[in-house]
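[1] Show me how the following folds:
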Amino acid sequence: MAFNRISDFGDLTGKRAVVRVDLNVPMQDGVVTDDTRLQAVKPTVEAVLKAGGKCVLLAHFGRPKGQKVSEMSLKPVVPALADVLGCDVAFAELGSELPGTNVVVMENTRFEAGEEKNDAELAKRYAALGDVYINDAFSCAHRAHASTEAIAKLLPAAAGETMGAELEALDNALGNPKSPVVAVVGGAKVSSKLAVLENLVAKVDHLIIGGGMANTFLYAGGVDVGASLCENDLKDTALAILASAEKAGCQVHLPSDVVVAKEFKANAENRTITADDVASDEMILDAGPETVTALCDVLENANTLVWNGPMGAFEMEPFDRATVALAQKAAYLTDEGSLLSVAGGGDTVAALAHAGAKDSFTHISTAGGAFLEWMEGRELPGVEALKK
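    Residues are numbered from 1 along each chain as shown. As a prediction, the model looks like this:
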């Protein structure tokens with residue numbers, strides 16, 4: 001994937017870069033409680049300053065729907081961002097005179113009615129703030145908004161450092177991957193990831209289906225899943241996906257043994273059985289050890305891994321075992337240098353952190369919607385606008 005980078009701008013002395021970032025951070029009593037997204041802004045700001053330029057940061061916060069909502073102002077985020085960047089950060093509203101500091105945070109883009117409409121006139125007002133445009137917010141790249149798409153047509157545009165690293169990792173994972181490629185897709189419902197599954201079977205060598213989704217596929221194959229979470233009405237859809245996978249030469253892996261319980265709670269009385277031995281009052285809450293061993297062997301022979309969604313009810317012991325074991329195996333292989341591993345989605349990041357495997361993965365995407373749309377094979381407007 002060929003896209004412009006900050007280095008393509010050359011010397012930025014005397015110039016301002018309008019940078020779209022993600023400052024949609026968790027807040028409590030006006031204080032930032034997790035600065036992960038602020039840390040992600042730092043490499044791009046530093047790159048612009050090193051090139052002699054200044055940064056005008058555009059970002060949204062919450063869903064004010066084109067109205068000025070005081071509780072959704074970005075002003076309270078400024079002190080935390082200044083701490084992360086280690087420099088003065090000013091705050092300004094669109095239409096006011098820009099302060100002379102090297103870094104300025106503009107007020108919530110979604111206070112503007114034209115932002116989510118990708119309004120061309122609003123994009124012109126954004127473009128007037130600087131000389132070049134940088135998009136460093138992959139989490140917003142699936143939306144064609146004035147600050148992510150329309151503005152990129154008005155100024156020389158490039159991907160920021162964090163965005164660039166994300167695009168490279170994703171391209172290595174599915175765009176031009178090293179085979180064999182394995183995808184882990186888990187979570188509660190098939191219906192939420194239909195497009196993901198349909199796209200992946202044509203692109204990967206092995207598709208591991210876990211979580212509640214696996215129950216629907218087991219049911220489609222004639223297995224009685226008892227009281228398990230299952231979308232019975234998607235039987236034909238599941239069978240169609242399996243048929244597509246077979247035609248494409250993609251091997252689908254479903255649990256051969258499962259951990260079941262009669263109660264959905266931590267440390268509920270449970271038993272490990274073959275997948276076709278579930279009683280009518282039992283729920284499948286995790287994949288069993290036989291399945292885990294087989295899946296670890298699949299990873300052992302893989303070169304590329306894409307992961308979205310847990311293997312079971314990982315929030316509750318002991319139903320976290322399959323997720324933890326598979327995540328730790330992937331982490332070990334990545335550390336060893338034999339596996340390129342990319343993961344994304346809120347539950348996935350939490351699950352990998354729970355397993356102590358998060359820091360070992362090649363790339364972790366915190367972009368929920370954008371990551372899913374990328375896995376669906378869809379074009380992301382914010383990325384398309386940056387292509388050479």
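[2] When you work out contacts or count neighbours from here on, use the C-alpha atoms and nothing else.
    Noted.
[3] helix or strand for residue 252, which one?
    strand 251-253 (DSSP states H and E).
[4] Okay, now the sheet partners of that strand, with direction.
    Applying DSSP bridges, strand 251-253 is found paired with strand 206-209 (parallel).
[5] And the contacts of the strand it pairs with?
    The contact list for strand 206-209, computed with Cα atoms under 8 Å, 6 or more residues apart in numbering, reads 180-186, 200-201, 250-254, 295, 298, 311.
[6] try 10 Å
    180-187, 190, 197, 200-201, 214-215, 217, 245, 249-255, 295, 298-299, 302, 305-311 (Cα atoms under 10 Å, 6 or more residues apart in numbering).
[7] likewise stretch 220-233?
    188-191, 211-219, 234-239, 242, 260-262, 275-285.
[8] in that stretch, what counts as buried?
    Buried residues in stretch 220-233, counted by 16 or more other Cα atoms under 10 Å: 220, 224, 225, 226, 227, 228, 229, 230, 231.
[9] For the third one, which three-state class applies?
    Translated: residue 225. coil (DSSP: H, G, I helix; E, B strand; the rest coil).
[10] how's this structure carved up into domains?
    Domain segmentation of the chain under automatic domain parsing yields 6-164, 177-375.
[11] okay if I get these as CSV plus mean pLDDT and distance to residue 170?
    Formatted as CSV, the domains of the chain follow (pLDDT from 0 to 100; distance: least, Cα to Cα, whole Å):
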stretch, mean pLDDT, distance to residue 170
domain 6-164, 94, 10
domain 177-375, 95, 7
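[12] how about the ones you listed, which one is nearest residue 385?
    domain 6-164 (6.0 Å; Cα to Cα).
[13] correct me, but residue 12 touches residue 48?
    Yes: shown here, residue 12 and residue 48 form a contact pair, counting by Cα atoms under 10 Å, at 7.3 Å.
[14] Residue 10: neighbouring residues, count only.
    Neighbour count of residue 10, defined by other Cα atoms under 10 Å: 11.
[15] actually residue 191, not the one I typed
    Number of residues near residue 191 (other Cα under 10 Å) recorded here: 12.
[16] Next: residue 29.
    Counted with other Cα under 10 Å, residue 29 comes out at 7.
[17] ok, residue 346 - contacts?
    Contacts of residue 346 by Cα under 10 Å, 6+ apart are 308, 309, 365, 366, 367, 368, 369.
[18] Identify each of the strands in the stretch 201-350 of the chain and give its residue range.
    Secondary structure of the stretch 201-350 of the chain (DSSP state E, counting those that start in this stretch): strands at 206-209, 251-253, 257-261, 270-274, 283-287, 304-308, 340-344.
[19] For the third one, which strands pair with it and how are they oriented?
    To tie it back to what came earlier, the one meant is strand 257-261. The pairing partners recorded for strand 257-261 under DSSP bridges are strand 270-274 (antiparallel), strand 283-287 (antiparallel).
[20] Out of the ones you listed, which is closest to residue 113?
    So among the strands paired with strand 257-261, strand 283-287 is nearest, using Cα to Cα, at 44.7 Å.
[21] roughly how far is that closest one from the heart of the chain?
    Chain-centre distance of strand 283-287: 25 Å, with Cα atoms, centre = their mean, to the nearest Å.
[22] Same check on stretch 21-37?
    That offset, for stretch 21-37, works out to 17 Å (Cα atoms, centre = their mean).
[23] So for that stretch, what gets flagged as buried?
    21, 22, 23, 24, 25, 26, 32, 35, 37.
[24] Give the full set of residues in contact with the third one.
    So the one you mean is residue 23. Neighbours of residue 23 in contact, by Cα under 10 Å, 6+ apart: 35-41, 57-62, 74, 77-78, 81, 105, 108, 137.
[25] Select from these every entry located in strands.
    Within these, residues falling in strands by DSSP state E are 57, 58, 105.
[26] how about those in JSON lines, adding distance to residue 207 and neighbour count?
    Listed next are those as JSON lines, based on distance: Cα to Cα, whole Å; neighbours: other Cα atoms under 10 Å:
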{"residue": "57", "distance to residue 207": "40", "neighbour count": "25"}
{"residue": "58", "distance to residue 207": "38", "neighbour count": "23"}
{"residue": "105", "distance to residue 207": "43", "neighbour count": "24"}
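[27] Any chance of JSON lines for those, columns distance to residue 360?
    What follows is these, written out as JSON lines (distance: Cα to Cα, whole Å):
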{"residue": "57", "distance to residue 360": "30"}
{"residue": "58", "distance to residue 360": "31"}
{"residue": "105", "distance to residue 360": "33"}
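[28] Nearest to residue 320 among those residues?
    residue 58 (39.2 Å).
[29] so the closest one bridges to which residues?
    Counting by DSSP bridges, residue 58 forms beta bridges with residue 20.
[30] so who does it touch?
    Contacts of residue 58 (Cα under 10 Å, 6+ apart): 18-23, 74, 104-109, 126, 135, 137, 147-148.
[31] 7 Å instead?
    Residue 58 makes contact with 19, 20, 21, 105, 106, 109, according to Cα atoms under 7 Å, 6 or more residues apart in numbering.
[32] contacting residues for the residue lying closest to the third one once chain neighbours are set aside?
    What it means is residue 21. Among residues not flanking residue 21 along the chain, residue 137 sits closest, at 4.7 Å (Cα to Cα, 6 or more residues apart in numbering). Counting by Cα under 7 Å, 6+ apart, residue 137 makes contact with 20, 21, 22, 163.
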